[in-house]
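K.L.:
just the structure for this:
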Amino acid sequence: MYFKNYIRYFFGAKMLRYLCQLVILFTLVSSCIEPFEGAVNSFEDVLVVNATLTNENKKQEVLLTRSFRFEEEVAPAEENAEVIVRTDNGDQYMFEEVAPGKYLSNVAFAAEMNKEYTLSILTENGQSYTSSSMELPVENTSIDNVYAERTINNDGIEGMGIFVDSFDPSGNSNYYRHEYIETFKIIAPAWTPFDIVVLNEGVSTFNTAIILREREERTCYGTNPSRSILVASTLALSEDRLTKYNVRFIERDNYILTHRYSVLVRQYVQSPEAFSYYETLRGLSQTSGNVFSEDQPGFLAGNIFSSENPTENVAGFFEVAAVAQQRIFFDYEDFFPNEEAPPYISDCTPFSPSAEGSLGERDLANLIYADAIRYFAPGQVVTDRCGDCTVLGSNVVPDFWIE
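P.N.:
Residues are numbered from 1 along each chain as shown. Reported below is the predicted structural model:
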């Protein structure tokens, strides 16, 4: 449960809660299996570090949080820490906290070959931590192609696959990790230029008004980061080449494909140590649904250690990696011409909540106060996400967006 923050980062709260249950629920007493009942009392407060230096000339980022209890939803930020990256030739880069637990280097810099980098952290309460020294594994990496294909996955489900081709003729890369960020256009199917508001409400009075909306709520853009750990090794292959490596599969009935879709794929060339760490982390995240499986999630040691207490657990990994990225766009019609579009994320059938009743008991008033509905037609409303795209995304067009 110590790497709970890390798993949440990659997979989200639902997968996180499932994985933590695997840790908490399994108990073996002799050869018998007994049901577990009661509260979870054991908890260890652990520093969690997420830091990847790259060969990009930019302000590098370090994220610091703490472990948190099973029933909690938000990782506490490790604030007011002193964060420094040092090199073996005496270079030193100071980091500044720009948001709770998020630290950026004061100056832009790029990781370079033949330099050893070490991360140092001094927390507000005086605890000191240091990483193993890490080097950039290769000077650079490149992606030959990122592309989409209409395909059928191993479960027989039709959809869109996002694939990567990559090749290092020098044969020095070998260890790869991929991430993606997908962005998609959302058009609210039951949008109208009007909305409904409460004018006044009393014990025996209730009046509403129909007004013009004041902001864009018809067309938005949703964004999802990758939720899987995608690692691959070419070490056992005849060439240092990835061919049609699948980084994402989207079922064709997923609403994110309905209009226009874009994905940015980032490729990292890792050190053997970083690859081993992420490969193990992936294995922990894919543990069998059998809570008595031999492969149980637990503490995963990284390469960051307490300077005062060598037995203290510290979660996370300090990595130095070469990175390349590529973005693609496509429309649903490009691959499914003249075919029915995916269903919207929810049913958008208009309905008519009652305006009758006493103060506090009127369905229409309560739904308006809860901001759960949008006006559709006289006497009819729809759920918020059907009439207002900002429930699902941002109404600001991304800088990179191309129609």
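K.L.:
mind giving me the packing neighbours of the lengthiest strand in the chain?
P.N.:
Identified as the longest strand of the chain according to DSSP state E is strand 314-331. Using 3 or more Cβ pairs under 8 Å, 6 or more residues apart in numbering; DSSP states H and E, the elements in contact with strand 314-331 are helix 4-11, strand 47-54, strand 116-122, strand 134-135, strand 145-152, strand 260-269, helix 272-285, strand 304-306. In this view, the C-beta of every residue, glycine as well, is placed from N, C-alpha and C.
K.L.:
would you mark the buried spots in stretch 319-328?
P.N.:
Buried positions in stretch 319-328, judged by neighbour count with 16 or more other Cβ atoms under 10 Å: 319-326.
K.L.:
wait, what's in contact with the most centrally placed residue in the chain?
P.N.:
Central residue of the chain (Cα atoms, centre = their mean): residue 225, 4.1 Å from the mean position. Shown in contact with residue 225 (Cβ atoms under 8 Å, 6 or more residues apart in numbering): 179-181.
K.L.:
got a markdown table for the residues you listed, with pLDDT too?
P.N.:
Below are the contacts of residue 225 laid out as a markdown table (pLDDT from 0 to 100):
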| residue | pLDDT |
| --- | --- |
| 179 | 97 |
| 180 | 98 |
| 181 | 98 |
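K.L.:
tell me which of these fall in strands.
P.N.:
179-181.
K.L.:
quick one: secondary structure of residue 130?
P.N.:
Three-state call for residue 130 (DSSP: H, G, I helix; E, B strand; the rest coil): strand.
K.L.:
partner residues bridging it?
P.N.:
Counting by DSSP bridges, residue 130 is bridged to residue 120, residue 305.
K.L.:
how many neighbouring residues does it have?
P.N.:
By other Cβ atoms under 10 Å, the residues close to residue 130 number 19.
K.L.:
please apply the same query to residue 384.
P.N.:
Here the count is done by other Cβ under 10 Å, and residue 384 has 20 residues near it.
K.L.:
repeat for residue 379
P.N.:
11.
K.L.:
quick one: pLDDT of it?
P.N.:
Residue 379 is assigned a pLDDT of 94 by the prediction.
K.L.:
what's the closest non-adjacent residue to it?
P.N.:
Spatial nearest neighbour of residue 379, excluding adjacent residues (Cβ to Cβ, 6 or more residues apart in numbering): residue 352 at 5.3 Å.
K.L.:
repeat that for residue 85.
P.N.:
Using Cβ to Cβ, 6+ apart, the closest residue to residue 85 is residue 93 (4.5 Å).
K.L.:
does that neighbour belong to a helix, a strand or coil?
P.N.:
With three-state DSSP as the basis, residue 93 sits in strand.
K.L.:
now do it, the pLDDT please.
P.N.:
98.
K.L.:
quick one: closest of the helices and strands packed on strand 314-331 to residue 361.
P.N.:
With Cβ to Cβ as the criterion, residue 361 lies closest to helix 4-11 of the helices and strands packed on strand 314-331, at 39.1 Å.
K.L.:
okay if I get the helices and strands packed on strand 314-331 as JSON lines plus mean neighbour count and mean pLDDT?
P.N.:
As requested, these are arranged in JSON lines below (neighbours: other Cβ atoms under 10 Å; pLDDT from 0 to 100):
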{"stretch": "helix 4-11", "mean neighbour count": "22", "mean pLDDT": "43"}
{"stretch": "strand 47-54", "mean neighbour count": "23", "mean pLDDT": "96"}
{"stretch": "strand 116-122", "mean neighbour count": "20", "mean pLDDT": "98"}
{"stretch": "strand 134-135", "mean neighbour count": "19", "mean pLDDT": "97"}
{"stretch": "strand 145-152", "mean neighbour count": "15", "mean pLDDT": "98"}
{"stretch": "strand 260-269", "mean neighbour count": "22", "mean pLDDT": "98"}
{"stretch": "helix 272-285", "mean neighbour count": "18", "mean pLDDT": "91"}
{"stretch": "strand 304-306", "mean neighbour count": "18", "mean pLDDT": "96"}
